[in-house]
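> Based on what follows, work out the 3D shape:
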Amino acid sequence: MNKLVSAFLIGGLFGLGIAVSGMANPAKIGNFFDVFGTWDPSLVFVMGGGLITAFIGYRIIFRTRSAPVLESSFALPTRRDIDAELVGGAAVFGIGWGIAGFCPGGAIPALGLMRAETPIFLAAMIAGIIIARLIKSNMTRPVEA
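You can find the predicted model right below:
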């Protein structure tokens, strides 16, 4: 139960930050990518603030704790290589973010804004996840002779 409450509170705080910063508004994201038009550089400051906070926070947590509060160990990635799957996924994410003006982190809080395009984006995102998993599972399945 503590994990669920913790996830709810942390997710709520994240969503509040997204909403207050205006990142739940797809027009704001579109303006960030419109460098030669109505460019809005405020996303750089939101991202920079998040990176600085994470950089300092991770340093403090890893120096002072051997495990998270509600888990037995930290779940850290072990792979450090850059492969086609990582680059392709990042490219699809970036293209989708630029076209739709939403990323998953901004779309969930945007549901509260009652904009018609938000559930459409979320449905398309879920469909994309399902399709990508199906493609990946078919690519990794051994070929029968």
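> dump the residue contacts of the most centrally placed residue in the chain.
By CA atoms, centre = their mean, the chain has its centre lying nearest to Gly105, at 4.6 Å. By CB atoms under 8 Å, 6 or more residues apart in numbering, the residues touching Gly105 are Phe14, Ile18, Met23. C-beta here means a position set from N, CA and C on the backbone, and glycine is covered the same way.
> Could you dump those residues into JSON lines with distance to Ile56 and secondary structure added?
Converted to JSON lines, the contacts of Gly105 look like this (distance: CB to CB, whole Å; DSSP: H, G, I helix; E, B strand; the rest coil):
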{"residue": "Phe14", "distance to Ile56": "17", "secondary structure": "helix"}
{"residue": "Ile18", "distance to Ile56": "20", "secondary structure": "helix"}
{"residue": "Met23", "distance to Ile56": "21", "secondary structure": "coil"}
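> where do the strands sit along this protein?
In the chain, no strands are defined using DSSP state E.
> ok, the nearest residue to Cys103 once chain neighbours are set aside to Ser42 distance?
Spatially, and ignoring its direct neighbours in sequence, Cys103 is nearest to Trp97 (4.9 Å; CB to CB, 6 or more residues apart in numbering). Distance from Trp97 to Ser42, counting by CB to CB, to the nearest Å: 16 Å.
> swap in Thr53?
In terms of CB to CB, Thr53 sits 17 Å off from Ser42.
> For the residue nearest to the centre of the chain, give its distance to Phe93.
In terms of CB to CB, Gly105 sits 11 Å off from Phe93.
> Over to Ile82?
Computed as CB to CB, the Ile82 to Phe93 distance reads 15 Å.
> Check Leu113 too.
In terms of CB to CB, Leu113 sits 22 Å off from Phe93.
> Looking at Trp97 and Ser42, which has the bigger crowd around it?
Per other CB atoms under 10 Å, whichever of Trp97 and Ser42 has more neighbours is Trp97, with 18 against 13.
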